[in-house]
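**Student:** any chance you can model this:
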Amino acid sequence: MHQAHSLHDVFVHELRDIYTAEQQISKALPKLIKAVDSDDLRDAFETHLDETHRQIGRLEAAFELLDQKVRRASCDGMNGILEESRTVMSDDPRGPIRDAALIAAAQRVEHYETAVYGTLVAWARSMGHDQVATLLQSNLDEAKNADEQLTQLAEGGINEAAVRSNGAPAHGRKTSGTARKPGGR
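**Tutor:** Numbering: from 1, shown residues only. Reported below is the predicted structural model:
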């Protein structure tokens, strides 16, 4: 980051960082969409891709309101998170195991966005950038909603399907011993 002289300088840098992150996400999501097996998860990723494009538009509007040039900044955090998702896609597991792992990777993205947007909203409000805060709050709300939707998909069957698909015992199931026939000894 260039030398910051004020919170406003840090704020603009962080806006550029999340702008770059959103650009990276918009390039990664089509690959995730192709990699999933679950139609519901695919729909969630497609919805998030549309939201990401709107989030990028809101960030561009924020730069305009702040009379700042839209520029990218290196976003090492998102680079690392997206590299982990690429690793998941290149690993052998397919089907629900991969879907569960991709949900985890996507939730890392949402948690990163939630942390950044939460901070940016607070800073924008502190500096009196109310219109910018409103734009960023919309992005924050979408990130939180996407995270919740991913949790619902995971807990609504994808995690259980992943457990069943590789033969691992689910929580609360007998993990050892011999199976007995009903009524048998």
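**Student:** for Arg108, which residues are in contact?
**Tutor:** Listed by C-beta atoms under 8 Å, 6 or more residues apart in numbering, the contact partners of Arg108 are Ile81, Glu84, Ser85. (Each C-beta comes from the backbone N, C-alpha and C, glycine too.)
**Student:** return the worst-scoring helix or strand of the chain on mean pLDDT as PDB; C-alpha atoms alone will do.
**Tutor:** When each helix and strand of the chain is scored by mean pLDDT, DSSP states H and E, helix 76-90 comes last, with a mean of 79. Output of helix 76-90 as PDB, limited to C-alpha atoms (Å, rounded to 0.1, in the frame of the first residue of the first chain):
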ATOM      1  CA  ASP A  76      -3.200 -11.300  -1.700                       C
ATOM      2  CA  GLY A  77      -6.000 -12.500   0.700                       C
ATOM      3  CA  MET A  78      -8.400 -13.400  -2.100                       C
ATOM      4  CA  ASN A  79      -5.600 -14.900  -4.200                       C
ATOM      5  CA  GLY A  80      -4.900 -17.400  -1.400                       C
ATOM      6  CA  ILE A  81      -8.600 -18.200  -0.800                       C
ATOM      7  CA  LEU A  82      -9.200 -18.700  -4.500                       C
ATOM      8  CA  GLU A  83      -6.000 -20.900  -4.800                       C
ATOM      9  CA  GLU A  84      -7.500 -23.200  -2.200                       C
ATOM     10  CA  SER A  85     -10.700 -23.500  -4.300                       C
ATOM     11  CA  ARG A  86      -8.600 -24.400  -7.300                       C
ATOM     12  CA  THR A  87      -6.900 -27.100  -5.300                       C
ATOM     13  CA  VAL A  88     -10.300 -28.500  -4.300                       C
ATOM     14  CA  MET A  89     -11.300 -28.600  -7.900                       C
ATOM     15  CA  SER A  90      -8.100 -30.400  -9.000                       C
END
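**Student:** can you give me how far it is from the chain middle?
**Tutor:** How far helix 76-90 lies from its chain's middle: 11 Å, per C-alpha atoms, centre = their mean, to the nearest Å.
**Student:** again, but for stretch 116-129
**Tutor:** With C-alpha atoms, centre = their mean, you get 21 Å for stretch 116-129.
**Student:** what does stretch 90-101 give?
**Tutor:** Mean-position distance between stretch 90-101 and its chain equals 17 Å (C-alpha atoms, centre = their mean).
**Student:** now swap in stretch 30-38 and tell me
**Tutor:** Centroid displacement of stretch 30-38 relative to its chain, using C-alpha atoms, centre = their mean, is 14 Å.
**Student:** buried set for that stretch?
**Tutor:** Of the residues in stretch 30-38, Leu32, Ile33, Ala35, Val36, Ser38 count as buried by neighbour count, 16 or more other C-beta atoms under 10 Å.
**Student:** which of these sits closest to Asn139?
**Tutor:** Leu32 (19.3 Å; C-beta to C-beta).
**Student:** where's the closest one relative to Thr52, distance?
**Tutor:** To Thr52, Leu32 is 12 Å away according to C-beta to C-beta, to the nearest Å.
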